[in-house]
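Engineer: structure for this input, please:
(chains A and B)
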Amino acid sequence: KAGVTQTPRYLIKTRGQQVTLSCSPISGHRSVSWYQQTPGQGLQFLFEYFSETQRNKGNFPGRFSGRQFSNSRSEMNVSTLELGDSALYLCASSLVGPESNQPQHFGDGTRLSIL
Amino acid sequence: EDQVTQSPEALRLQEGESSSLNCSYTVSGLRGLFWYRQDPGKGPEFLFTLYSAGEEKEKERLKATLTKKESFLHITAPKPEDSATYLCAVRTGANNLFFGTGTRLTVIP
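Structural biologist: Numbers count the residues shown, from 1 in each chain, chains lettered A, B, ... in the order given. Reported below is the predicted structural model:
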């Protein structure tokens, strides 16, 4: 069974640009969450989608946005990139929404570097 | 304020030397506590879910336990391949998921 797939694995951008990251969940999983991981802050929750609807949102500025498609695939967009946005961006999927309290399964992330 | 704290930040063990990692939490309504293992350059890999105080789960050399304020991940006779960062996460009554910053475990042959 294929796991969570994130593309691209590595990305280099400059300040002010925008970027779109992609996540394909495990087949049959309908919930997708996004996290930012940095050495100092650990894993910080960005947002969670279920059935194409944003169910939960973390404490990040509006430059961070996301969406989920009808096939459960998800994209995350960051506009007007800043140096501090350099991080590993992780996507996680679970079978159903957060109310079910099921564990999340993670992809290997996209490493975003801002120059 | 909901908070998850892991200790120690880093732990070095000799192969075969058993120890425990701690995850303490102060959250409003615990719905579940999750343990993950993360290898360098990889995403976290799910290990265990614990739902209520007194619950225990085991997998090979790992055993997770839960009380009303903390969880322990016990590692018995660790091997070098157990070296990784271990993360715990807590889902609150409001369905928010909070991660600790992890314990970086190194097992020396």
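
Engineer: for the most centrally placed residue in chain A, give me phi and psi.
Structural biologist: Note on chain A: the residue nearest the mean C-alpha position is A:Trp34, at 2.9 Å, using CA atoms, centre = their mean. Dihedral angles phi and psi of A:Trp34 (degrees, to the nearest 10) take the values phi -120, psi 140.

Engineer: also A:Gly107?
Structural biologist: phi -80, psi -180.

Engineer: ok, A:Asp108 touching A:Gln6?
Structural biologist: Yes. Using CB atoms under 8 Å, A:Asp108 makes contact with A:Gln6 at a distance of 6.4 Å. All C-beta atoms are positioned from the backbone trio N, CA, C, and that covers glycine.

Engineer: how about the residue nearest to the centre of chain A, nearest residue that isn't a chain neighbour?
Structural biologist: Residue nearest to A:Trp34 in three dimensions, not counting chain neighbours: A:Leu46, with 4.1 Å by CB to CB, 6 or more residues apart in numbering or on different chains.

Engineer: give me the sheet partners of the one helix or strand that neighbour maps to and which way each runs.
Structural biologist: Assessed by DSSP states H and E, A:Leu46 sits inside strand A:42-50. Paired strands of strand A:42-50, with direction, are strand A:31-38 (antiparallel), strand A:53-57 (antiparallel) (DSSP bridges).

Engineer: tell me, which of those is the model least confident about?
Structural biologist: Per-stretch mean pLDDT for those is lowest at strand A:53-57 (a mean of 90).
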